[in-house]
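**Q** next input, structure requested:
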Amino acid sequence: MSEIRGILEDVIFHNPENGYTIGELATEEDLVTVVGILPAPAAGTTYVLRGEETVHPKYGEQFSFTSASPVMPVKEEEILELLSSGIFSGLGAKTARLIVERFGEDTLRIMGEEPERLQEVSGIGKKTGAKIAAAFQKHQAYVETALFFEKVGVPPRQAVRLYQTYGQETVQAVKEDPYRLAEDVRGFGFRRADEIAQKLGIPQDSPLRIQSGILYGLRTGIGNGSTCLPMERFLEETAQFLDLTREQVFEVLGEMAFQSEVKVDRVAGEEVVYLYSYFEAEQRVAKDLLALLLAEKKEVSGDVDYGIRLSESSTGKELSQTQKEAVRGALAEGVSVITGGPGTGKTTIIDALITVFKTSGLSFRLAAPTGRAAKRMSQATGQPAQTVHRMLEYHFEDGTGKMVFGKTAEDPLKTDAVIVDEASMIDLMMMRGLLDAIRPGTRLILVGDADQLPSVGAGDVLHDIIGSGLVKTFRLTEIFRQAEESRIVTNAHRINRGEDLELNGKDSDFFFLECRSDRKLQDLMKDLAVRRLPGFYQDIDPLRDLQVITPVHKGPVGTDQLNQVLQAACNPPIQGKPERTFGDQTFRLGDKVMQIRNDYQMEWRRPGDEKAHQGVFNGDLGFVSAVDNERGVLTVTYDGDRYAEYDGTTLEELSLAYAITVHKSQGSEFPILLMPITYFPPMLATRNLLYTAVTRGKRVVVLAGSYGMLQQMIGNDRTSERTTGLRERLGAMVPYKDPESPGN
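**A** Numbering: from 1, shown residues only. This next block holds a predicted model:
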């Protein structure tokens, strides 16, 4: 790594969102074009830059720096360059020269410590002197901040975020409480904040550290799907993690409970601890579900049987007796659940419900947890469907700086019924927002497959609702004739029952290829994805219609390695094709990518649409449609016509998606599905993970790997262990719904 020092003569380009900067640095030998991350570059500032000399194909030689340290100049000519740069309000080149001539190399000390002495210079009065001094102090604060970042080991990209969050108060804010970074700044977790705190000398047993560690432990549990954690285990694990005693953690936890930051409660006779917002969410969901169940609903004025017959006529699908009972039951209940596997006719029931609502003059809304699921729902029913977030008008609120739902109890959804598909994907916070926006008297119908993996977000909402006995549930088990012809459907149900699969065959849509070596399996996956399957099914687009899914990130058949292998085969580097490297990933024009976390503030546009929309969500699949290395921006197109731009602060939300995890595939369907089967950790090598994976395939499913491991997965009916309190809270409300019966 090389190091250069010089004065920043000119800022050619600066993106304040990500700090990406192009400038010209005057060294003692030459004028050098420099490219890198600077939080707030100022012409005239002296910098020490560390990086490497590079050659840009269009702009020639550049110095690409990875760290930058601004320094206060000491030589008279450097001081004059700084003061003449134009960054100090009220200070021109002529006055700057007079100041330096008067104070020499002591100029900057005078401006910082004795600013009143500026009045000794001809033409500078009290007001002008104060203005110049204030501008200089602002610049000095920036330099001190940058040096502080370097001292505590904050890399440039994170320094940009800190500076955006706290501005000139950054150093003071971090010194007072470095653990607040984990709360305030995206990309800073507890571990990073703890490293900074140690460099600042904050004691290991500081209440600030313990409190942050407790929040980190609870959020880790939330990230793993639990809304609360068993108290005893939580105390032991947190104490061990912080290298403190259980008593020290318990004392701070008690103070946090007093301040309503956490909640200690009992679930199934065991003491548990919640992040307070999740405790409150469970309480509200239970209360709101009961209110919907007890509320008087608008009558269905039309003939339900006539509506069913009309639906059968328009769709060409005759409803079974079980399906008809589900339709009638959903119309009779304030809240109902319709659950069943593939091919059991859930969409047929939705069609019938829509027809009945229309013939009765009742309004309805259709929604699903993800954009892809909503799009499929719309295509299947011929009616408009939205994501739950969009239906609830989720948006960024300038006043609070938080994401909020536009539709709430104060401004609810004005509709007689809400049907939500793929309900197994609804997490606790989504359900809380949904119920808050549904006024009593509205029918809520949840449709989904309870045997799939639970939601990515915390909670096990659909299972908890079904298991509580509070809400009427209609289970569909019959596989209809058309679906029965598909081995994808029949094998999915066989997996669910723990039975052997029907594999291969001339007219099959479900195949298994034996391969016992992980390295050879990686090669086989590439050959199948790139050559064999596209060669056989020539009517498909291999990038859009074929998807590789896998349970894991690491290893030869994990997403990390498979994405590298498949990218090299499907979209190799070509001279002139732009690309952008971020971390250990290189994004290239044409790459298949995925958004890997919810970003409710990210803007996207459609061609010709001047209005910017907000929200790109976890699991959205798209393609890199432009790479602008001059602006440090990468453009991704979603759904063929939604364009979102990613820069240095948001690229970490993007991942290559030639291969994705099974969890990320939830709510999606792919014409051709390809999945490796090898040794996976027992918590992933489960029946319901395999079931979820197989049900993502629409036309063809190909499994490849170890047949013995496939059998083990089918035999492993272990489900993910999530700790939640919703089922017990709902169960406790059964008597209020029906005082004559303990259940329904």
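**Q** for stretch 498-517, what is the distance to the chain centroid?
**A** Distance of stretch 498-517 from the chain centroid (C-alpha atoms, centre = their mean, to the nearest Å) equals 34 Å.
**Q** who does residue 670 form a beta bridge with?
**A** residue 697 (DSSP bridges).
**Q** residues contacting it?
**A** With contact set as C-beta atoms under 8 Å, 6 or more residues apart in numbering, residue 670 has these partners: 545, 546, 547, 696, 697, 698. Using the backbone N, CA and C atoms, a C-beta is placed for each residue, glycine as well.
**Q** so the last one sits against residue 546, correct?
**A** Spelled out, it's residue 698. No: counting by C-beta atoms under 8 Å, residue 698 sits too far from residue 546 to count as a contact (11.3 Å).
**Q** before we move on, back to that, show me which of the contacts of residue 670 is closest to residue 451.
**A** residue 696 (13.6 Å; C-beta to C-beta).
**Q** skip the chain neighbours and tell me the closest residue to that closest one.
**A** Among residues not flanking residue 696 along the chain, residue 665 sits closest, at 4.9 Å (C-beta to C-beta, 6 or more residues apart in numbering).
**Q** what does the host helix or strand of residue 264 rub up against?
**A** Element membership for residue 264 (DSSP states H and E) is strand 262-267. Residues outside strand 262-267 that contact it (C-beta under 8 Å, 6+ apart): 214, 218, 228, 231, 253, 256-257, 271-276, 279-280, 723-725, 728.
**Q** for the stretch 151-300 of the chain, which spans come out with low pLDDT?
**A** 155-157, 160, 187 (pLDDT under 70).
**Q** the residue nearest to residue 83 when sequence neighbours are not counted is in what secondary structure piece?
**A** In space, and not counting its chain neighbours, residue 83 is closest to residue 96: 3.7 Å by C-beta to C-beta, 6+ apart. In this assignment (DSSP H and E), residue 96 forms part of helix 93-103.
**Q** how deep is residue 355 tucked in, by neighbour count?
**A** Residue 355 has 23 neighbouring residues, counting by other C-beta atoms under 10 Å.
**Q** for it, which non-adjacent residue is closest in space?
**A** Closest to residue 355 by C-beta to C-beta, 6+ apart is residue 311, at 4.0 Å.
**Q** what is the strand or helix carrying that neighbour packed up against?
**A** Per DSSP H and E: residue 311 is located in helix 304-315. Contact here means 3 or more C-beta pairs under 8 Å, 6 or more residues apart in numbering; DSSP states H and E; on that basis helix 304-315 packs against helix 321-332, helix 346-359.
**Q** what's the closest of the ones you listed to residue 534?
**A** Comparing those by C-beta to C-beta, helix 346-359 comes nearest, at 29.3 Å.
**Q** what residues does the closest one touch?
**A** By C-beta under 8 Å, 6+ apart, helix 346-359 touches 300, 302-304, 306-308, 310-312, 314-315, 317, 319, 323-324, 326-327, 330-331, 338-340, 362-364, 366, 377, 380-381, 383, 416-417, 419, 421, 445, 447-449, 476.
**Q** for PyMOL, what selects the buried ones among the residues you listed?
**A** Listed next is the PyMOL selection for buried residues among these, using 16 or more other C-beta atoms under 10 Å:
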select buried, resi 300+302+304+307+308+310+311+312+315+317+319+323+324+326+327+330+331+338+339+340+362+364+366+377+380+381+383+416+417+419+421+445+447+448+449+476
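**Q** residue 215 contacts residue 275, doesn't it?
**A** Yes: in this structure residue 215 lies within contact range of residue 275 using C-beta under 8 Å: 7.3 Å.
**Q** pull up the overlap in contacts between these two.
**A** Common neighbours of residue 215 and residue 275 (C-beta under 8 Å, 6+ apart) are residue 261.
**Q** quick one, strands of the stretch 451-600 of the chain?
**A** Taking DSSP state E, counting those that start in this stretch, the strands of the stretch 451-600 of the chain run over residues 472-476, 510-514, 546-550, 579-582, 585-588, 592-595, 599-605.
**Q** I'd like these as a markdown table, with distance to residue 557 appended.
**A** As requested, the strands of the stretch 451-600 of the chain are exported to a markdown table (distance: least, C-beta to C-beta, whole Å):
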| stretch | distance to residue 557 |
| --- | --- |
| strand 472-476 | 34 |
| strand 510-514 | 13 |
| strand 546-550 | 6 |
| strand 579-582 | 24 |
| strand 585-588 | 18 |
| strand 592-595 | 18 |
| strand 599-605 | 29 |
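**Q** so which of those strands gets nearest residue 563?
**A** For the strands of the stretch 451-600 of the chain, proximity to residue 563 was assessed by C-beta to C-beta; strand 585-588 is nearest, at 8.0 Å.
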